[in-house]
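Engineer: Predicted model and sequence below, questions to follow.
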Amino acid sequence: MPYIVMSSIGKDKPGLIAAMSSTVASGGGNIEDLDSVVLKGKVFLLSMAIQVGAEKAEALKRSLIERGKEVGLRVFVYDGADFNLR
């Protein structure tokens, strides 16, 4: 099953990890790895390696970007193959 890699940045506030992880679950993905950091108590960074079926990957990418906009995050999504994730 292929991977996608998501990274995001925005102002820190409660619920950001929940919003993005629930989007992954709703889109049929599985979070294999997650890292988050809050810089100076204000800047939120989130990265996830997500395993998802090839038939659902493009829809999940779009959903993550849209959900990010809704919660105030700039979201970037990449194919896992770009990083040799298999």
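Structural biologist: Received, thanks.

Engineer: When you work out contacts or count neighbours from here on, use the C-alpha atoms and nothing else.
Structural biologist: Will do.

Engineer: What separation do you get for Glu58 and Lys40?
Structural biologist: The span separating Glu58 from Lys40 equals 34 Å under the rule Cα to Cα, to the nearest Å.

Engineer: more crowded one of these two?
Structural biologist: Applying other Cα atoms under 10 Å to Glu58 and Lys40 shows that Glu58 carries more neighbours, namely 15 against 8.

Engineer: Can you tell me the SS state at the more buried one?
Structural biologist: At Glu58, secondary structure determined by DSSP: H, G, I helix; E, B strand; the rest coil is helix.

Engineer: For the residue nearest to Ala59 when sequence neighbours are not counted, list the residues it contacts.
Structural biologist: The spatial neighbour of Ala59 that comes closest, neighbours along the chain excluded (Cα to Cα, 6 or more residues apart in numbering), is Gly27 at 7.4 Å. Neighbour list for Gly27: 56, 59-60, 63 [criterion: Cα atoms under 8 Å, 6 or more residues apart in numbering].

Engineer: can you check Leu34 too?
Structural biologist: By Cα under 8 Å, 6+ apart, the residues touching Leu34 are 46-49.

Engineer: can you pull out the helices in the protein?
Structural biologist: 16-26, 54-71 (DSSP state H).

Engineer: between the ones you listed, which gets nearest to Ser8?
Structural biologist: Distances from Ser8 to each of these were compared using Cα to Cα; the minimum, 7.8 Å, belongs to helix 54-71.

Engineer: Just the residues contacting that closest one, thanks.
Structural biologist: Counting by Cα under 8 Å, 6+ apart, helix 54-71 makes contact with 1-2, 4, 8, 16, 19-20, 23-24, 27-29, 74-77, all of which sit outside it.

Engineer: Using CSV, write down the CA coordinates of that helix.
Structural biologist: In CSV, the C-alpha atoms belonging to helix 54-71 read as follows (Å, rounded to 0.1, in the frame of the first residue of the first chain):
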residue,chain,number,x,y,z
ALA,A,54,-3.8,4.0,-4.3
GLU,A,55,-7.5,4.5,-5.2
LYS,A,56,-8.0,6.8,-2.2
ALA,A,57,-4.7,8.8,-2.2
GLU,A,58,-5.7,11.7,-4.4
ALA,A,59,-9.0,12.3,-2.6
LEU,A,60,-7.2,12.2,0.8
LYS,A,61,-4.6,14.7,-0.4
ARG,A,62,-7.3,17.1,-1.4
SER,A,63,-9.2,16.5,1.9
LEU,A,64,-6.1,17.2,4.0
ILE,A,65,-5.4,20.5,2.1
GLU,A,66,-9.0,21.6,2.5
ARG,A,67,-9.3,20.7,6.2
GLY,A,68,-6.0,22.4,6.8
LYS,A,69,-7.5,25.6,5.3
GLU,A,70,-10.5,25.3,7.6
VAL,A,71,-8.4,25.1,10.7
